[in-house]
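# no FASTA, just this:
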């Protein structure tokens, strides 16, 4: 399908956004891997799922915006978007994300610790009555 140059520029800019967004989603995986250590098999499975997700997103983007036609400028736009994200924001997002996840994790551990202490006290009281 022949598109006007304005439509192609619009699709190119959207492809940059798609690449940027997919890179941000991959950073979520990277954050989880830093907070919770994974074995190589799990990392491979996560990567496989991520790439299948990426293929589906790109396929739908192509189908919706470019009538399913894969064009070079779209791939270049996605690569540019991911490159911009990884070179400008990724290190900061990962740093903040790891800090937030570790903080949330510590709060959850404290809650579970208090809850388990409460259960132990209830258990002791219950056993005394029997």
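All right, it came through fine. The model shown is predicted, which means the values in this text are computed figures rather than measured ones.

# the helix or strand of the chain with the lowest mean pLDDT packs against which elements?
Ranking every helix and strand in the chain by mean pLDDT, DSSP states H and E puts helix 90-129 at the bottom, with a mean of 88. The helices and strands touching helix 90-129, judged by 3 or more Cβ pairs under 8 Å, 6 or more residues apart in numbering; DSSP states H and E, are helix 5-35. Where C-beta positions appear, they are placed from N, C-alpha and C, glycine not excepted.

# after the helix it packs on, heading C-terminal, what element do we hit next?
helix 40-66 (DSSP states H and E).

# name the helices or strands packed onto that next one?
Using 3+ Cβ pairs under 8 Å, 6+ apart, helix 40-66 sits against helix 5-35, helix 72-84.

# in the shortest one, what's buried?
Pointing back at helix 72-84 there. Buried residues in helix 72-84, counting neighbours by 16 or more other Cβ atoms under 10 Å, are found at 74, 77, 78, 80, 81, 82.

# and for stretch 100-111?
Buried-residue list, stretch 100-111, by 16+ other Cβ under 10 Å: residue 101.
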